[in-house]
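**Q** Predicted model follows, preceded by the sequence.
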Amino acid sequence: MKLLLCGLITPFAALLAATQALAVIQTKNVEYKQGNTVLQGYLAYDDAIKGKRPGVLVVHEWNGLQGYAKKRTEQLAKLGYVAFAADIYGKGIRPKNPEESGKQATIYRQDRKLLRDRALAGLKVLQANPLTDVNRIAAIGYCFGGGTVLELARSGANIAGVVSFHGNLDTPNPNDAKNIKAKVLVLHGANDPFVPAEQVTAFENEMRQANVDWQLISYGGTEHAFTNPEYKGELKGALYNPIADKRSWEDMRQFFAEIFRK
């Protein structure tokens, strides 16, 4: 076991260890556009790390780019990545309740081309950042954002991998999976009523038929939104699960170690 662990230590990991004590996470809002729509994303990086490093695009839940997605973006920066949280809805559009969130999410779930275009616009911002190693980029998303990064992959985006945390798996165009260049990791709550077994099965068949490099990890006894402590049971079927939260984050980190290995 000790030999195996030693073998996993990469130059990038050694650099992180050397600079960890000096880490200062820099954050800022970044305005950009998709078509004529002004968007406002959120950038985070560790200024103690010099030079280029892998980039991670983050896509928010159905309530838009608010505190939770920003927190995850900062956590990724602490791991040594340059992270950019995309804004799918538009600058200033930040739903305040489930009704507003559902209304916004429905716009994009019913127009997958627009959803993909918004995600691609965020990806371009990350790719253009001078700190980003454009050959090592991944995208992650939560709930609505999980479905979004899968659509980004289906668009044929040239990225190394995507990770969906309790995201929707359905798509109106399953044949688009043939465009996927990225490796795919889906982290799913086995008791998630918003992503039922039929949807999971359809997704698995979609991935198989397109010969995608994919994984799906299903956490037992786990509902929707399992990574977000704000979900305390008020919304039926959505509940934070600290064990699944920790496990899924570690599964993501292992996935990144694989796809970003030089």
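**A** Thanks, I have the structure now.
**Q** how near is the residue nearest to Y219 when sequence neighbours are not counted to Q254?
**A** Among residues not flanking Y219 along the chain, A244 sits closest, at 4.2 Å (CB to CB, 6 or more residues apart in numbering). C-beta coordinates here come from the backbone N, C-alpha and C atoms, glycine included. Plainly put, A244 is 15 Å away from Q254 if you go by CB to CB, to the nearest Å.
**Q** Over to L57?
**A** In terms of CB to CB, L57 sits 19 Å off from Q254.
**Q** before we move on, back to that, out of A244 and Q254, which sits in the busier spot?
**A** Legend: neighbour count by other CB atoms under 10 Å for A244 and Q254, higher for A244 (26 against 11).
**Q** who's the residue nearest the centre of the chain bridged to?
**A** The centroid of the chain falls nearest to I140 when counting by CA atoms, centre = their mean (1.1 Å). Beta-bridge pairing of I140 under DSSP bridges involves V58, V163.
**Q** can you check D46 too?
**A** I25.
**Q** Would you confirm that it contacts V24?
**A** Yes - here D46 reaches V24: they are 7.0 Å apart, a contact under CB atoms under 8 Å.
**Q** Compare the two and say which is more crowded by neighbours.
**A** Neighbour count, other CB under 10 Å: between D46 and V24, D46 has more, with 24 against 9.
**Q** What distance do you get for that one to E31?
**A** From D46 to E31 the distance is 23 Å (CB to CB).
**Q** Repeat that for V186.
**A** 32 Å.
**Q** out of the two, which sits in the busier spot?
**A** Per other CB under 10 Å, whichever of V186 and E31 has more neighbours is V186, with 23 against 11.
**Q** Just grab the bridge partners of the more buried one for me.
**A** Assigned bridge partners for V186, using DSSP bridges, are S164, L216.
**Q** begin at 21 from here
**A** I'll keep to 21 as the first residue from here, and by that count the last item is V206.
**Q** Report pLDDT for it.
**A** Each residue has a pLDDT score; the one for V206 is 98.
**Q** Tell me the spacing between it and H186.
**A** 9 Å.
**Q** which residues are in contact with both of the two?
**A** Common neighbours of V206 and H186 (criterion: CB atoms under 8 Å, 6 or more residues apart in numbering): G166.
**Q** How many neighbouring residues does the nearest residue to Y65 once chain neighbours are set aside have?
**A** Leaving aside its chain neighbours, Y65 sits nearest to V102 (4.4 Å; criterion: CB to CB, 6+ apart). For V102, the neighbour count with other CB under 10 Å is 25.
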